[in-house]
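> below are the sequence and a predicted model; questions follow.
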Amino acid sequence: MEELVALCKRRGFIFQSAEIYGGLQGVYDFGPLGVELKNNLKSAWWKSMVYENDNIEGLDASILTNSIVLDYSGHTETFSDPMVDCKSCGLRFREDQVPKSCKKEDLTKPRQFNLMFKTNIGPIDDGNSYAYLRPETAQQIFTNFKNVVDSSSRSLPFGIAQIGKAFRNEITPRNFIFRVREFEQMELEYFVAPGDDDDAHSSWVQKRLNWWEKQGVPINTIELYEVPTDELAHYSKRTVDLMYKFPHGLEELEGIANRTDFDLGSHSKKQSELNIHADVKLNKDSNSKLSIKNNDDVMIVPFVIEPSAGVERGMLAVLNEAFTIESLPENKSRIVLKLKPHLAPIKAAIIPLKKNDEKLVDLAKKIKTMLQELGLGRIILENTGNIGKSYRKHDEIGTPLCITIDFETLDNNSVTVRDRDSMQQERIEIKDIINLFMEKIK
Ligand code: GAP
């Protein structure tokens, strides 16, 4: 973990937030390369959900959440962790995360601490004008259910996908970006007819494993954890967690839950007419019946399967898998980030052999523009004149290809292309660069 954290800071992936003022605990900023990696991971998820399925729609709902939504969803009452104080060191911990240095007899009895961030809405703070920063992106998917169904004419089964920020006032944020207070989730709510939920659940577990494999987190690095009944969230009939071996231990990367009809049932009006299976609180505030016709033309409240992944945890897993220290001849070594090319923050570096040589740099700029216009990601011009240093840097940040422009290029229109993983170099003609690039990067 330490080496990875150091690389992330040194190369501009991840910084502690407000570092120049001592930081803000559990909050991180994503630097020039971090933002690219994050966007690429989110884009891969979005493509696999919204573009590659004919029955999944996208949504981008608000972060500020009406407190009534979270009352009916159960978060106001139950979204809490047990917290204890250590009378000896004066610090507060989540009950299951007390360090060994605190003695049992020094701990207070656990009490529940609600993890939601509350904020005031509007200019008057009279105690009633508050909203929450959403603790999960899911709830606005449920509250928009009718809007999406009506505007897209969907029938079962279908899904709504969303990526966005979520906030949790974690008692003990820790392990770099693994447990933080501000993070992003990639959540799909997949609505099915009751009775079809068990099969849909199993099928989404497999699809999500396959997706992680494509991001460079192989299936054999993930363990499935069948959450025991007494640990299930209040809404869940069954949850399978994808547990990944993070540098600090085996922990949840993504959860795939069968939320039954709990959420739509909770947010619906006229609940008594809807044959809701879950145990829901009587809703006196909703103005919408959250139901849809099944195949027999009967209005029902669908069940929902929810694959929910954290972007930051995804980045940590992807970085951890990609981070490699390779031994080289003559007792040398190199750090190389073997990211899947579609996730690499920079797709290619164009390196003129001699710094500021007008002819070489002009040609390098033309090649950069040519590749940039393909729209596959960031291409950079590396005008340092130090090829060895450039290769080392681009190995460390995971750039799949380095293209060197030298004096021979001016004579015969050929360049040297170096592959990140094999370190093999080949001489190809400028006219062939696009094909090679497309082949390696796609
Ligand atoms: N809508 C369901 C839900 O929010 P969750 O298991 O609480 O379920 C889903 O969260 C995913 O969100 C987790 O698997 C994890 O990847 C990510 N996540 C949750 N809390 C997090 C935190 N404090 N920091 C970073 N990621 C977090």
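Received it, and whenever you're ready, just let me know what you need.
> confirm that residue 62 sits in a strand.
No - assessed with DSSP: H, G, I helix; E, B strand; the rest coil, residue 62 is coil; it does not lie in a strand.
> the spatially closest residue to residue 92 that is not a sequence neighbour: what secondary structure?
Ranked by Cβ to Cβ, 6 or more residues apart in numbering and with sequence neighbours excluded, the top spatial neighbour of residue 92 is residue 85, at 5.3 Å. For the C-beta atoms, the positions are set from N, CA and C on the backbone; glycine is no exception. At residue 85 the chain is in strand, as set by three-state DSSP.
> tell me the pLDDT at residue 356?
On the pLDDT scale, residue 356 is placed at 87.
> same question for residue 96.
The model reports residue 96 with a pLDDT of 89.
> against residue 116, how distant is it?
Distance from residue 96 to residue 116, counting by Cβ to Cβ, to the nearest Å: 20 Å.
> so which residue of the protein comes closest to the ligand?
Closest contact between the chain and the ligand, by Cβ to the nearest ligand atom, is at residue 310 (2.5 Å).
> contacts for stretch 34-49, please.
Residues outside stretch 34-49 that contact it (Cβ atoms under 8 Å, 6 or more residues apart in numbering): 8, 12-14, 30, 56, 58, 159, 161, 163, 184, 186, 188, 211, 214-215, 309, 311, 314-315, 318-319, 339, 342-346, 377-378.
> tell me the buried residues within these.
Neighbour-count burial within those applies to 8, 12-14, 30, 56, 159, 161, 163, 184, 186, 188, 211, 215, 309, 311, 314-315, 318-319, 339, 342-346, 377-378; the criterion is 16 or more other Cβ atoms under 10 Å.
> narrow those residues to those in helices?
Mapping those onto helices (DSSP state H) picks out 8, 211, 311, 314, 315, 318, 319.
> ok, which residues in the protein are in contact with the ligand?
Contact residues, the chain versus the ligand (Cβ under 6 Å from any ligand atom): 136, 138, 168, 170, 179-180, 183, 185, 187, 252-255, 306, 308-310, 312-313.
> which of the residues you listed are buried?
136, 138, 168, 170, 179-180, 183, 185, 187, 252-255, 306, 308-310, 312-313.
> can you pick out the most distant pair from the ones in helices among the buried ones among the contacts of stretch 34-49?
Distance extremes for these: the farthest pair is 8 and 211 at 23.4 Å, using Cβ to Cβ.
> look up how far residue 138 lies from the nearest residue to residue 208 once chain neighbours are set aside.
Nearest residue to residue 208, sequence neighbours excluded (Cβ to Cβ, 6+ apart): residue 307, at 5.1 Å. To residue 138, residue 307 is 11 Å away according to Cβ to Cβ.
> common neighbours of the two, please.
The overlap between the contact sets of residue 307 and residue 138 (Cβ under 8 Å, 6+ apart) consists of residue 187.
> return the residues in contact with the closest residue to residue 174 other than its chain neighbours.
Among residues not flanking residue 174 along the chain, residue 97 sits closest, at 7.4 Å (Cβ to Cβ, 6+ apart). Taking Cβ under 8 Å, 6+ apart, we find residue 97 in contact with 171, 172, 174.
> count of residues packed around the closest residue to the first one other than its chain neighbours?
Leaving out its chain neighbours, the residue that sits closest to residue 171 by Cβ to Cβ, 6+ apart is residue 94, at 4.3 Å. A count of nearby residues for residue 94, using other Cβ atoms under 10 Å, gives 19.
> residue numbering should commence at 839 henceforth.
Sounds good: first residue 839 from here, last item residue 932.
> contacts only, for residue 932.
Shown in contact with residue 932 (Cβ under 8 Å, 6+ apart): 919, 920, 921, 1008, 1009, 1010.
> repeat for residue 1188
Residues in contact with residue 1188, defined by Cβ under 8 Å, 6+ apart, are 1202, 1203, 1205, 1206, 1209, 1217, 1218, 1219, 1220, 1241, 1243.
> and residue 1081, helix, strand or coil?
State at residue 1081, reduced to three classes by three-state DSSP: strand.
> per-residue pLDDT, it?
Looking at residue 1081, its pLDDT reads 98.
> nearest spatial neighbour of it, skipping sequence neighbours?
Using Cβ to Cβ, 6+ apart and skipping residues adjacent in sequence, the residue nearest residue 1081 is residue 1061, 4.5 Å away.
> host element of that neighbour?
Assigned by DSSP states H and E, residue 1061 belongs to strand 1060-1064.
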